[in-house]
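Colleague: Sequence first, then the predicted structure, then my questions.
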Amino acid sequence: MGFFDRNRDEVAAKGFDPARLPPGQYLTDRFPVLHVGDVPEYAPGEWSLTVFGMVQEPFTLSFEELTALPSTALTTDIHCVTKWSKFDTQWRGVRVADLIARAKPSEAASHVMAHAEQGYTANLPLADIVRDESLVAWEYGGEPIEPIHGGPVRLVVPHLYFWKSPKWLRGIEVRDSDKPGFWERNGYHMYGDPFLEQRFWGD
Ligand SMILES: Nc1nc2c(c(=O)[nH]1)N[C@H]1C(S)=C(S)[C@@H](COP(=O)(O)O)O[C@H]1N2
Ligand SMILES: [Mo]
């Protein structure tokens, strides 16, 4: 039996429903670190988040303003396209839906581009980013998100492969059309549903 089959048996043996593990994935207790470029360092007050694009009221929030908004706790599984999954990760953040509603999206709005540091971007349908579990998060496991995991603030869109959850999030651009982001330009799937194994173009 190979590594993936053994790992899947261990998932059941640990008492988890094996259906939580998408096809082609293995479960890990570790929290691998995966990104392109260097971990950005921010001076106090330097980080901000801007919601812009096809909205009537674009706005920018400081870290203090963001974290003063009503927040939601979320426990969720995450799935990286490089085949690791981690169960029951704990996050706290503001629902993306609340931020987008505040910006008053135009009727034509259909997609968003999430903008992170160093030009990293990820495209998402508006319908996905306004789901209850899509968060602009600043806490992991009850602590501030570590810089290597995207702190101070990252996007968490747990029902899609984790490349759709940019670390060091700086902007949410509301759009009236889809357009490939950083990995999508490089062959990754435009949508990225882990349970359908939408890893690459054509999957
Ligand atoms: N800004 C930025 N965000 C990113 C990435 C990146 O390269 N840059 N990589 C993505 C990928 S492929 C994954 S799997 C997750 C990894 O998050 P982690 O390092 O906290 O595990 O971050 C995503 N967000
Ligand atoms: Mo990933």
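Modeller: Alright, I've got the coordinates. Ligands and ions are numbered 1, 2, ... in the order given.

Colleague: OK, now which residue of the protein is nearest to ligand 2?
Modeller: Across the chain, the shortest distance to ligand 2 (Cβ to the ion) belongs to C80, at 3.6 Å. Using the backbone N, CA and C atoms, a C-beta is placed for each residue, glycine as well.

Colleague: In contact with that residue, which residues?
Modeller: Contact analysis of C80 by Cβ atoms under 8 Å, 6 or more residues apart in numbering lists 32, 34, 161-163.

Colleague: again with G37
Modeller: 117-118, 120.

Colleague: so which of those comes closest to ligand 1?
Modeller: For the contacts of G37, the closest approach to ligand 1 (Cβ to the nearest ligand atom) belongs to Y120, at 3.6 Å.

Colleague: Run a quick neighbour tally on the closest one.
Modeller: 20 (other Cβ atoms under 10 Å).

Colleague: pLDDT at M1, what is it?
Modeller: The model reports M1 with a pLDDT of 80.

Colleague: L160 contacts R131, correct?
Modeller: No: with contact defined as Cβ atoms under 8 Å, L160 does not count as touching R131 (10.0 Å).

Colleague: more crowded one of these two?
Modeller: A count of neighbours by other Cβ under 10 Å puts L160 above the other of L160 and R131, at 23 against 14.

Colleague: need the contact list for that one.
Modeller: Counting by Cβ under 8 Å, 6+ apart, L160 makes contact with 124, 128, 191-194.

Colleague: if I look at it, how far off is R175?
Modeller: Relative to R175, L160 is positioned 17 Å away (Cβ to Cβ, to the nearest Å).

Colleague: Sort out for me which of the contacts of L160 are in strands.
Modeller: Of those, the ones assigned to strands by DSSP state E are L124.

Colleague: With respect to per-residue confidence, which of the contacts of G37 is lowest?
Modeller: Q118 (93).
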